[in-house]
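> Sharing a model that was predicted from the sequence below.
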Amino acid sequence: MLSTPAHPAFLKTAVLLTVLAVTQGCTADPRSNDPRLQAVATTGMIADIVGQVGGERVMVEGLMGPGIDPHLYRASAGDVRKLSNADIVFYNGLHLEAAMGDVLEQMRGRIQTVAVTDSIDRGTLLAPPEFAGAYDPHLWFDVSLWMQAVEQVERALSARDSAGAATYRANSRAYLAQLDSLHRWVQARTQEVPAERRVLVTAHDAFNYFGRAYAFEVKGLQGISTVSEAGTADVQRLADLIVERRIPAIFIETSIPRRTIAAVQLAARSRGFQPRIGSPLFSDAMGDAGTPEGTYIGMVRHNVNSIVDALLDTSPAP
Ligand SMILES: [Zn+2]
């Protein structure tokens, strides 16, 4: 589903925005003592970039925490307040934040909003036919492509705060060097899985860029968005494929209910072949703050180790 119809929550939000716009002129700005640029980012992966590039000049707040599904996430009244008070707002774009589309649209013109995917050459994006002419938004799993989002953040911060341009450039360079090493590490690690076993079965279609970049066949139970639930036919179709190809492991995601992929495991077992369920993947949300998976680099490393370890393990599934 690409566009979200008007929902009562949006109407409420619209009223709130109007109220904020009216009252903002006569209330003191609570941030006036903080010299840093105030940024808000939608997903954790984007907040991580803004933190890395912004360094000490930028205070960034991420709206969507661990386990949150960005396709379904609706802005709360508190979020709208944070967005309204921000100097700059970063989001993924490509309809990832589908249910926040109206709120972001209303911010435009009043607050600088930046889609981190905006400057990426559309020719390098995936446009699956079932997505009706739109692009797959999950590009952060091709590390080399996500590096372009870092450059976009650097440009936007430098334009907004030109005094910090040299700092943003240096920070961005340092982070890009880390991501370049990460990309090469993922290439090497994924090569450990024999080509015929490089099939990634997940709850929803978040890993198509990963598949293209690192040579995996990717099968998602739900579509690219989680808005429509998988049906029984999808479960049976995937179970058939797992049994036929003897795929040793399938994966759940931290932002998707476990039942979706558990149903596939059950259907495969009833056909006499039981795939193991690998360590949960972080797909559209990162892990807890303060843990390795609470950073983009840690999340990618966790996912890749989880995928490779599970697909290399040919001992009987428990
Ligand atoms: Zn997704």
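Looks like it came in fine. Just so we're clear, the structure is a prediction, and the values are computed from it rather than from any experiment. Residues are numbered from 1 along each chain as shown.

> How many residues are close by the residue nearest to Asn305 when sequence neighbours are not counted?
What sits nearest to Asn305 in space, not counting adjacent residues and going by CB to CB, 6 or more residues apart in numbering, is Arg189, at 7.2 Å. Where C-beta positions appear, they are placed from N, C-alpha and C, glycine not excepted. Under the neighbour criterion other CB atoms under 10 Å, Arg189 is assigned a count of 16.

> gap between Arg189 and Thr167?
Applying CB to CB, to the nearest Å, one obtains 33 Å for the distance of Arg189 from Thr167.

> show me what contacts the residue positioned nearest the centre of the chain?
Relative to the mean C-alpha position of the chain, the nearest C-alpha, by CA atoms, centre = their mean, is the one of Asp284, at 3.6 Å. The contact partners of Asp284, taken as CB atoms under 8 Å, 6 or more residues apart in numbering, are Thr43, Ile68, Asp69, Pro70, His71, Leu96, His138, Ala206, Glu253, Ser255.

> Keep only those of the residues you listed that are also close to the ion.
The residues of the contacts of Asp284 that also fall near the ion, by CB under 5 Å from the ion, are Ala206.

> among the contacts of Asp284, which ones are buried?
With burial judged by 16 or more other CB atoms under 10 Å, the buried subset of those is Thr43, Ile68, Asp69, Pro70, His71, Leu96, His138, Ala206, Glu253, Ser255.

> Could you verify that Arg155 is part of a strand?
No - according to DSSP: H, G, I helix; E, B strand; the rest coil, Arg155 belongs to no strand; its state is helix.

> Mind listing what's buried along the strand or helix carrying Thr260?
For Thr260, the host element (DSSP states H and E) is helix 259-269. When burial is assessed from 16+ other CB under 10 Å, helix 259-269 yields the following buried residues: Thr260, Ile261, Ala263, Val264, Gln265, Ala267, Ala268.

> Give me the helices and strands touching it, please.
With contacts defined as 3 or more CB pairs under 8 Å, 6 or more residues apart in numbering; DSSP states H and E, helix 259-269 has these neighbours: strand 199-204, strand 217-222, helix 232-245, strand 249-253, strand 276-281.
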